[in-house]
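Enquirer: Predicted model and sequence below, questions to follow.
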Amino acid sequence: MAEIRVEALRKRFGEVTAVDDIDLVIADGGITVLVGPSGCGKTTTLRMIAGLEDVTGGRILIGERDVTSAEPKDRDLAMVFQNYALYPHMTAFQNMAFALKARDTPHDEIRDRVMHAAELLGITDLLERRPKALSGGQQQRVAIGRAIVRQPAAFLFDEPLSNLDAKLRVEMRTEILKLQKELNATILYVTHDQEEAMTLADEMVVMRAGAIAQQGPPRVVYAEPASEFVGGFVGSPPMNVIAGEASGGVFRAEGLEVPVPLTAAGPARLGVRPEHLRPSGPGEATLTADVEVIEFLGSSGIVSLRRGNGDSLKALVPADALESVLPGAACPFRIDPGHLHLFSADGSARLH
Amino acid sequence: MSRPLRALFLVIAVVAVAFPFAWVVLISFKSRVDLNDPSSLSFTPTSANWSEVLHGGVLEAALRSVEVGLATVSVSLVAGTLGAYAISRFKAGGGPARFGILLAQLMPPAVLVVPLFILFFNWNLRDTIWAVIAAHLTFVLPVVTWFMIGFFDAVPRELEEQAMIDGYGRFGAFRRVVLPQVLPGLGAAAIFGFVLSWNDLFYALILAGGNAETLPVAISSYNTFRGVELGAMSAAILVSVVPVLIASFFVQKRLVRGISGGGLKY
Ligand SMILES: Nc1ncnc2c1ncn2[C@@H]1O[C@H](COP(=O)(O)OP(=O)(O)O)[C@@H](O)[C@H]1O
Ligand SMILES: [Mg+2]
């Protein structure tokens, strides 16, 4: 296993700048997740690291080795594609043995390593089957097995769970976490799913339009989003944003006032996560809003609100507090002052 | 369509196709005298036509056709596969190449045959199978290439990328992972290309009408200055047609897929 470093990495496709000067360190023995909306350059970044795409500028280092212009086969990386890319004319065993054969590994060792990986993934019984005779989840396991067998410097995953149904996706997520711990693997993982990113990541890299919007452990990214974009992208339902003005330690918008640090002044945007917007007594209310619909989730419910000025908000309310919330009625809500996010007027910077 | 109607339709189709064949078979067993009334069903069967065909150079011509077909197809497979891969993966030649490749087929063969004739005359290759092979490549190679583009398009790019990450260069990945996926298509394209070459009369007649005559030329030579020798010609035609029938039986399904632009299942 090894650390991967990316310096000032850039990729242009004609007029489109897909990746725009990215600096990144993928730590040895951890999962780094690239996450962002579709088209933000995640796949392109991964493909440049894998050597499948030439770089327009910058450097890629694996361990201490500069691999910027090395062939994919000489980078000692393993990759799992979204569509698994299993070789259709080979059995699961042959698929997993393919890379070892390419490197002239002795027969017995190939057998041992494939069997070991197959046991880890619980696919020992499937080894003689062709990909066509495997379910999506089984194909996924073979694809991961094929990567593990290599014992590479690092693993690259490009949306490996996207083709699975929701239940299997959650199962495989846990499984990937377990495998990572067991192998102490270095993993660079790409997904557009912020929930998947948060559950898997040791280090989370949020991308937007070819650049890194924020990087850090999931907890930090969630608790202190660096911009309105990150705050809105990470977390579900997305963060509410209210435009207003800060002055003298108070943020004011139509129909609401909340205390903010004294340093903030001028037009600003207030970010409030749905779970920090709670029903309250009339006395301690920050704002009043009409309840439109309630989506009941079991332990909690998502309440859609509309304020007098037409803004819509969402609140995530624990089940026991849902009783006081009635669809069609105007209800008092309180913004938790301990969990405020204040962004600059254009949303690009975090003020508090 | 209801079942009986469909059955009726098929019967008519089969009769329409099979009837001329049956007729040709009958004629091939008729003597000159009986051929004065070609459609009559009462005659004394004779093997004279068949023995004339078998000893009169038709088999040699058929063998030559096989040689020409094999050579044409071999070159087309190698060049066509590599060219098609380049066009499919690297957009070689840009967008126009993909479709322009068949454009030459719109030209009447007559346009091409005169320059070819002069060329082979100057090179002393007139009336050799080399001239015919070269001429056949002008239409077999584009068709084979076009087929293969469709088959390569249907192979997911990730497959060869995976192979390249797994330890092979571009060519190794092509040979070990991509090629096996298109092998069935390659077989169909080969047989189709062979039949195209096998059936060609025009180029073969003009470029090699003498000692190097191919089977279609041999058949046409039964159209003599004394009139058409229907009996012998029919026997020769059967020698030519039966292999094609057998070949089409084996490739029909894949041929349809190739024409509809790949679409092999993975
Ligand atoms: N081969 C290519 N040719 C041209 N543009 C491309 C190519 N690959 C990706 N792009 C463009 O680069 C941008 C980033 O794409 P990608 O890395 O696939 O995004 P993501 O994986 O985050 O969804 C997109 O605007 C996409 O259209
Ligand atoms: Mg992508």
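Expert: Perfect, thanks for sending it. Ligands and ions are numbered 1, 2, ... in the order given.

Enquirer: and the residue of the stretch 251-352 of chain A nearest ligand 1?
Expert: At 20.3 Å from ligand 1, A:Ser348 is the closest residue in the stretch 251-352 of chain A, using CB to the nearest ligand atom. Placement of C-beta: from N, CA and C, glycine included.

Enquirer: Let's see the pLDDT reported for that residue.
Expert: Per-residue confidence at A:Ser348 stands at 87 (pLDDT).

Enquirer: And A:Arg129, by the same measure?
Expert: As predicted, A:Arg129 sits at a pLDDT of 95.

Enquirer: Can you list the low-confidence ranges for chain B?
Expert: B:1, B:254-266 (pLDDT under 70).

Enquirer: Next to chain A, which bits of it? Give me the list.
Expert: B:156, B:158-159, B:161-169, B:172, B:177, B:180-181, B:266 (CB under 8 Å from any CB of the partner chain).

Enquirer: Among those residues, name the buried ones.
Expert: Among the residues of chain B next to chain A, those scoring as buried are B:156, B:158-159, B:161-168, B:172, B:177, B:180-181 (criterion: 16 or more other CB atoms under 10 Å in any protein chain shown).

Enquirer: In the stretch 251-352 of chain A, what residue spans correspond to helices?
Expert: In the stretch 251-352 of chain A, no helices are found when defined by DSSP state H, counting those that start in this stretch.

Enquirer: quick one: contacts for the closest residue to chain B within it?
Expert: Chain B sits closest to A:Ser348 of the stretch 251-352 of chain A, with a gap of 36.2 Å, by CB to the nearest CB. For A:Ser348, the contacting residues are A:227-228, by CB atoms under 8 Å, 6 or more residues apart in numbering or on different chains.

Enquirer: Run through the residues that contact A:Tyr189.
Expert: A:Tyr189 makes contacts with A:31-34, A:157, A:160, A:176, A:197, A:200-201, as judged by CB under 8 Å, 6+ apart.

Enquirer: mind redoing it with 10 Å?
Expert: A:Tyr189 sits next to A:26, A:31-35, A:42, A:46, A:80, A:155-161, A:176, A:180, A:196-197, A:200-201, A:204-205 when contact means CB atoms under 10 Å, 6 or more residues apart in numbering or on different chains.

Enquirer: Now narrow those to whatever sits close to chain B.
Expert: Residues of those in contact with chain B (CB under 10 Å from any CB of the partner chain): A:80, A:156, A:158.

Enquirer: Those in helices, which ones?
Expert: The members of the ones next to chain B among the contacts of A:Tyr189 all map outside helices under DSSP state H.

Enquirer: Now restrict those residues to buried residues only.
Expert: A:80, A:156, A:158.

Enquirer: Pick the one among those residues closest to ligand 1.
Expert: Minimum distance to ligand 1 across those is 7.5 Å, recorded for A:Asp158 (CB to the nearest ligand atom).

Enquirer: my guess is the closest one contacts A:Thr191, does it?
Expert: Yes. Assessed by CB atoms under 10 Å, A:Asp158 is found in contact with A:Thr191 at 8.7 Å.

Enquirer: what residues go with each domain of chain B?
Expert: Split into domains by automatic domain parsing, chain B comes to B:1-46, B:56-263.

Enquirer: quick one: the longest one near ligand 1?
Expert: What that stands for is domain B:56-263. No. Against ligand 1, domain B:56-263 shows no contacts by CB under 6 Å from any ligand atom, the least distance being 10.1 Å.

Enquirer: tell me how far that domain is from the chain's mean position?
Expert: Taking CA atoms, centre = their mean, to the nearest Å, the mean C-alpha location of domain B:56-263 is offset from the chain mean by 6 Å.

Enquirer: How much space separates A:Glu275 from A:Pro318?
Expert: Separation of A:Glu275 from A:Pro318 (CB to CB, to the nearest Å) stands at 9 Å.

Enquirer: Tell me, how many residues neighbour A:Thr263?
Expert: For A:Thr263, the count of nearby residues is 10 (other CB atoms under 10 Å in any protein chain shown).

Enquirer: I meant B:Pro4, not that one.
Expert: Residues near B:Pro4, counting by other CB under 10 Å: 8.

Enquirer: So which elements touch the strand or helix carrying it?
Expert: For B:Pro4, the element it lies in under DSSP states H and E is helix B:3-28. Here helix B:3-28 is seen to pack against helix B:48-55, helix B:230-259 when contacts are counted using 3 or more CB pairs under 10 Å, 6 or more residues apart in numbering or on different chains; DSSP states H and E.
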